[in-house]
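Undergrad: coordinates for the following, if possible.
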Amino acid sequence: MKILFGIFLTLIGFQFFDMPQAIALDVKEFESLAIQDGGRVKPFDTFARESVQVLTGSTVSQGKSPTELVLAWLFIPNEWSNKDFISIKHLQLKKDLGLPETQNYVSPMGLVHNPKLAPLFAKLNQLQKDKKKLDPYQQAVQRINTQLALYQEIISGQALRILPQAISPDWIPLAELQGEPRKTFEKVVEGYFSGITKNDDSLFKSSVVDFKSMARAVAPRVYPSDNQLQMEMTYNKMHPFRLAYIFYLISAFIFVFSLKFPKQNSLHKTALGVMIAGWCVHVVGFAFRCYIAGRPPVSNMYESVIWVSLGCLTFGLIFELIYKRNYIGLAATSVATICLIIGDSVPAVLDQSIRPLEPVLRSNYWLTIHVLTITLSYAAFALSMGIGNIALSYYVRGIEEQNKEKLQALALFLYRAVQVGVLLLTAGTILGGVWADYSWGRFWGWDPKETWALIADLGYLAVLHGRFSGWLRTFGTIAATVCCFTGVVMAWYGVNFVLGVGLHSYGFGGGGVHYVTSVVVIQLLYVAWAGFQHKKVLNKTTSANA
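TA: Prediction:
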């Protein structure tokens, strides 16, 4: 049956292969078709976006929408087999495959027939069998392997599980349709080619509606409602977190101007209003994602990024309303903007797709509370880091003496944020022990994630103690707090993406190591530069007093 279906699609593809595409096909009905993928049921729009992102590195390619692209790959594979659309960015891998360094895309056939790729796949398979950690080069090879496998599954119809079963949780893939469902989908295929060749997509639309009705009738309790499908499609098209960081970025710029013109109170009110508008969009997007996933954001690094940025904005907004100082709003919006831009820009590193929880995470109340509390502490520490960097700018620019009161105020705001963070991190670590005892039978086991959470907590506790006891003055408090954030980076990112060992394997990932390392080094150099400038001022003051 798979072979017959493949021949059917291929014959139709050849029949219309050289015919020009006269119109842009209206694929809205097909976008709302339910499909089982990645362990859950989702609209075809989501599947198409995720697949196109994996294959091309973007959700829009060749001037087509994701659904248009996937349908073109499925129905006219011969037209696409030699087109360069599969993304490849690793320079050394391109060199080893004999590709120019400037070539960022390659065709499926170009990869399949490349004799240098098979040995790389063989080595990758051996590394995976030995359960060894993959370096960035091997991760790039793995990505090519994933891309080719996904494309092959799409054009064969195996990736498109579009028919539910009444007696099984597994949906039937397109390539295995039989009887009436197969005949119904053949009408969809006929309508597709009628639409792109005869300027009439009415048959395509009606046949998709018929197939959807038939699929829902097979298992009405399993097939999602139109409202559920539409909600996820709205989330996809809305891009709430992208819209949120646009608001945050605008707010940050207005906060900067309000610092330049402190007498213009309207600037502060405008910045605060835009900040609140962005926060509302962020909350709505977050609620959408939680509703669609049916769970809180405890699955992967991307979800922690959007949660941390929301927490940072929330804490910043609270402190801004209490203290009414532009510095706090500027720090909160700047940090949240950076977090959300990173989350939106590197899907290969931060997987944006909504996936079911790993078995170890399901039905575990303490784990959910533990993860949300720990990551919320990262939000408070991120806010303190943002405020600290604003304060360091006064030292770097050599205007410390003229702004002592501002620096003392910034140190106070930073201190308050650290207090909140330490409270949350300590509570989260203890709750993590409760969960570990429930799941693994021991409260503490010096797992890398546990160890680095403790290191980060102790580092910030040292800052609080130093500030309270008077060992750390204004500059010391600011510099130490900013430096301590490297502990958070290690606990949050390093354990999962650099070490990749321990019992928290459900959160592991890869990529971005060089960029994160560079940012950390630049941050420490910035602190050292501010310290050097501060030392010069102290020496100058000492000399003057002498």
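Undergrad: any idea how far Ser65 is from Leu410?
TA: 47 Å (C-beta to C-beta, to the nearest Å). C-beta: built from backbone N, CA, C; applies to glycine.
Undergrad: got it, and Gly273?
TA: In terms of C-beta to C-beta, Gly273 sits 35 Å off from Ser65.
Undergrad: and the two? Which one has more around it.
TA: Legend: neighbour count by other C-beta atoms under 10 Å for Gly273 and Ser65, higher for Ser65 (20 against 13).
Undergrad: tell me which residues touch the closest residue to that one other than its chain neighbours, please.
TA: Nearest non-adjacent residue to Ser65, counting by C-beta to C-beta, 6 or more residues apart in numbering: Val27, 6.8 Å away. Counting by C-beta atoms under 8 Å, 6 or more residues apart in numbering, Val27 touches 65, 67-68, 71.
Undergrad: what's the pLDDT at Val27?
TA: We have a pLDDT of 91 for Val27.
Undergrad: could you do the one 4 residues further on as well?
TA: Looking at Glu31, its pLDDT is 94.
Undergrad: what about it, how many residues nearby?
TA: Neighbours of Glu31 (other C-beta under 10 Å): 24.
Undergrad: past the longest helix along the chain, which element shows up next along the chain?
TA: Counting by DSSP state H, the longest helix found in the chain is helix 404-440. Next helix or strand after helix 404-440 toward the C-terminus (DSSP states H and E): helix 448-469.
Undergrad: what about the strands in the chain?
TA: 34-37, 40-43, 86-87, 105-106, 161-163, 172-173 (DSSP state E).
Undergrad: what packs against the last one?
TA: Going back to what we said before, that points to strand 172-173. strand 161-163 (3 or more C-beta pairs under 8 Å, 6 or more residues apart in numbering; DSSP states H and E).
Undergrad: now Asn104: phi and psi?
TA: phi -100, psi -10 (degrees, to the nearest 10).
Undergrad: surely it meets Phe85?
TA: No: taking contacts as C-beta atoms under 8 Å, Asn104 lies outside contact range of Phe85: 10.4 Å.
Undergrad: which of the two has more residues huddled nearby?
TA: The neighbour comparison of Asn104 against Phe85 (other C-beta under 10 Å) goes to Phe85, with 19 against 14.
Undergrad: what residues are up against that one?
TA: Taking C-beta under 8 Å, 6+ apart, one finds 55-56, 61-62, 105, 107 in contact with Phe85.
Undergrad: turn the residues you listed into JSON lines, including distance to Val305.
TA: Converted to JSON lines, those look like this (distance: C-beta to C-beta, whole Å):
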{"residue": "Leu55", "distance to Val305": "24"}
{"residue": "Thr56", "distance to Val305": "23"}
{"residue": "Ser61", "distance to Val305": "25"}
{"residue": "Gln62", "distance to Val305": "30"}
{"residue": "Tyr105", "distance to Val305": "28"}
{"residue": "Ser107", "distance to Val305": "34"}
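Undergrad: let's see if you can find the most crowded of those residues.
TA: Result: Leu55 is most packed of the contacts of Phe85 (other C-beta under 10 Å), 23 neighbours.
Undergrad: residue contacts, that residue?
TA: 85-87, 147, 150-151.
Undergrad: please apply the same query to Trp471.
TA: Contacts of Trp471 by C-beta under 8 Å, 6+ apart are His465.
Undergrad: confidence score at it?
TA: So, for Trp471, pLDDT stands at 90.
Undergrad: gap between it and Ala391?
TA: 18 Å.
Undergrad: remind me which residues of the stretch 351-500 of the chain are low pLDDT?
TA: Where the stretch 351-500 of the chain drops to pLDDT under 70, the residues are 358-364, 439-440, 500.
Undergrad: same thing but at 80, please
TA: 356-368, 435-445, 497-500 (pLDDT under 80).
Undergrad: what is the least confident helix or strand in this structure?
TA: helix 2-15 (a mean of 40; mean pLDDT, DSSP states H and E).
Undergrad: against Thr426, how distant is Ser469?
TA: 19 Å.
Undergrad: next: Lys269.
TA: Distance from Lys269 to Thr426, by C-beta to C-beta: 36 Å.
Undergrad: which one's more surrounded, those two?
TA: The residue with more neighbours, out of Lys269 and Thr426, is Thr426; 17 against 12, by other C-beta under 10 Å.
Undergrad: what's the burial count for the residue lying closest to the more buried one once chain neighbours are set aside?
TA: Counting by C-beta to C-beta, 6+ apart, Thr426 lies nearest to Asp457, which is 5.9 Å off, once chain neighbours are set aside. Other residues near Asp457 number 23, with proximity taken as other C-beta under 10 Å.
Undergrad: please apply the same query to Leu461.
TA: 15.
Undergrad: repeat for Gly294
TA: Neighbours around Gly294, by other C-beta under 10 Å: 10.
Undergrad: the one 3 residues further on too?
TA: As a burial measure, the neighbour count of Pro297 was computed by other C-beta under 10 Å and equals 22.
Undergrad: and the longest helix of the chain with helix 448-469, angle?
TA: 150 degrees (axes from the mean of the first three to the mean of the last three C-alpha atoms, to 10 degrees).
Undergrad: what residues of helix 404-440 count as buried?
TA: By neighbour count with 16 or more other C-beta atoms under 10 Å, helix 404-440 contains the buried residues 406-407, 409-418, 420-422, 424-429, 431-433, 435-436.
Undergrad: now do stretch 254-271
TA: So for stretch 254-271, counting by 16+ other C-beta under 10 Å, buried means 254-255, 258-259, 267-268, 270-271.
Undergrad: among those, which two are most distant?
TA: Taking C-beta to C-beta, the two most distant members of the buried residues of stretch 254-271 are Leu259 and Thr270; they sit 13.4 Å apart.
Undergrad: in CSV, list the strands of the chain along with distance to Gln352 and mean pLDDT.
TA: Output for the strands of the chain, formatted as CSV (distance: least, C-beta to C-beta, whole Å; pLDDT from 0 to 100):
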stretch, distance to Gln352, mean pLDDT
strand 34-37, 14, 95
strand 40-43, 13, 94
strand 86-87, 16, 94
strand 105-106, 21, 94
strand 161-163, 21, 95
strand 172-173, 24, 95
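Undergrad: let's have those strands in a markdown table, adding distance to Ile374.
TA: Below are those laid out as a markdown table (distance: least, C-beta to C-beta, whole Å):
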| stretch | distance to Ile374 |
| --- | --- |
| strand 34-37 | 30 |
| strand 40-43 | 25 |
| strand 86-87 | 34 |
| strand 105-106 | 40 |
| strand 161-163 | 36 |
| strand 172-173 | 39 |
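Undergrad: shaky segments in the stretch 101-250 of the chain?
TA: Using pLDDT under 80, the stretch 101-250 of the chain drops low at 131, 133.
Undergrad: show me where it has helices.
TA: Along the stretch 101-250 of the chain, counting by DSSP state H, counting those that start in this stretch, helices occupy 108-112, 117-129, 136-156, 179-198, 202-218, 226-238, 240-260.
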